[in-house]
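> fold the following.
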Amino acid sequence: MDRIRIGIVGLGNCASALIQGIHYYRDKDADDAIGLMHWEIGGYKPYDIEVVAAFDIDRRKVGRDVAEAMFAPPNCTTVFCKEIPKTGVMVRMGPIMDGFSEHMRDYDEKYTFVPADKAEPSKEEVVKVLKESGVEVLLNYLPVGSEKAARFYAECALEAGVAFVNNIPVFIASDPAWAERFKARNLPIIGDDIKSQLGATITHRILTDLFRKRGVKLERTYQLNTGGNTDFLNMLNRSRLRSKKESKTEAVQSVTAERLESENIHIGPSDYVPWQKDNKVCFIRMEGKLFGDVPMNLELRLSVEDSPNSAGVAIDAIRCCKLALDRGEGGVLYGPSAYFMKHPPRQYTDDTAYSMTEAFIEGTWGKRTDEMSDHRRRERKPAVAEGQV
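Modelled structure (predicted):
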């Protein structure tokens, strides 16, 4: 098989965990590949992915080999694969735009970004890099709230003719105008806002779906998250959180038996705790009523290493995009988007999204999206139109 050539926007903790995983699984086979949803997708193994371009704005990363930059501060994720050979790929300066929140200047450098003092590239320059390096799939790992910067790179992907995986809560795949543009160029797109492999949102969704299936009336729920990585530090600026809260809230609302009133559902990042580093702690509470209107409640505490948790999903999203490229399929990949992302264009239960994704991988799904009505499809209108966030 050919290698899958990827470009990465934002060489932070999530990118570091992904690249570590690509190398970690080189010495594994299907029988001992713990932590993967799929060992093989379309003939591609995890280690068939190769980083050929990377962009960042931190002076400790720009100009360094990807193998060095991925471990540079403020990255603080668990190092589970130390032996990363030099790639020969230097991290390039990206446009800053809104990819950096000013309040982060108030923190010690070891915790936050330090913008590089270099000229920012034009769209034409970024497109040229993507083309000359042979990028096939571009991954967006910008900080939450990077609305302008995320759209900038989506434009670059379109112009360069590469697939796009939007891992952050800026609504691109779920915006009909953007989705149509990728379809017109016959380029695959998966988005928006990546779910962790086993994180707060997917756990909350499964429990909510369980309430519905077991006839339990869900009346109130919250999800509170704390962490100590730059993602949580960035989100202390509440003005950058609107799309994030909408994405996470809608992911749960979409599987309730009846939509909850806004005052009865609270989901979102709660606070930044520096010593937690890349560990995220989630607290979920759900209140409802059982048979005979008898009240019940459930409380759960989940502790996970945040970035490897997302990498386990990203490694499948990349391979699904490559599979679509090989087949000549463009536009939104609805099954993978629903299974891998919190805010896909069409919401489905996770059971249905899983079946759709497996059918897509097997090549048996085709154009049968509209046949999901008998699988309790839960579809809703996209949250926003382009430029409204």
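
> quick check: end-to-end length of stretch 341-358?
Length of stretch 341-358, first residue to last, C-alpha to C-alpha, to the nearest Å: 15 Å.

> show me what the mean pLDDT comes to for it.
For stretch 341-358, mean pLDDT is 97.

> so where do the helices sit in this protein?
13-24, 66-69, 123-133, 147-160, 176-184, 200-213, 230-234, 242-253, 306-327, 334-340, 350-362 (DSSP state H).

> now those helices as CSV including mean neighbour count?
The C-beta positions use only the backbone N, C-alpha and C, and glycine is treated the same way. Shown next, in CSV, are these (neighbours: other C-beta atoms under 10 Å):
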stretch, mean neighbour count
helix 13-24, 25
helix 66-69, 20
helix 123-133, 17
helix 147-160, 22
helix 176-184, 17
helix 200-213, 20
helix 230-234, 23
helix 242-253, 21
helix 306-327, 23
helix 334-340, 27
helix 350-362, 18
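
> any chance of the ones you listed in a markdown table, plus distance to residue 34?
Formatted as a markdown table, the helices of the chain follow (distance: least, C-beta to C-beta, whole Å):
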| stretch | distance to residue 34 |
| --- | --- |
| helix 13-24 | 10 |
| helix 66-69 | 24 |
| helix 123-133 | 32 |
| helix 147-160 | 32 |
| helix 176-184 | 34 |
| helix 200-213 | 18 |
| helix 230-234 | 25 |
| helix 242-253 | 26 |
| helix 306-327 | 10 |
| helix 334-340 | 20 |
| helix 350-362 | 20 |
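
> spit out the contact partners of residue 241.
144-145, 235, 268-269 (C-beta atoms under 8 Å, 6 or more residues apart in numbering).

> which non-adjacent residue is nearest residue 308?
Using C-beta to C-beta, 6 or more residues apart in numbering and skipping residues adjacent in sequence, the residue nearest residue 308 is residue 17, 4.4 Å away.

> that neighbour contacts residue 313, doesn't it?
No - with contact defined as C-beta atoms under 8 Å, residue 17 does not reach residue 313; the gap is 10.9 Å.

> coming back round to it: the residue nearest to residue 308 and residue 96, how far apart?
Note on residue 17: its distance to residue 96, by C-beta to C-beta, to the nearest Å, is 24 Å.

> go on, residue 170?
Distance from residue 170 to residue 96, by C-beta to C-beta: 16 Å.

> more neighbours: the two, which one.
Between residue 170 and residue 96, counting by other C-beta atoms under 10 Å, residue 170 is the more crowded of the two (32 against 16).
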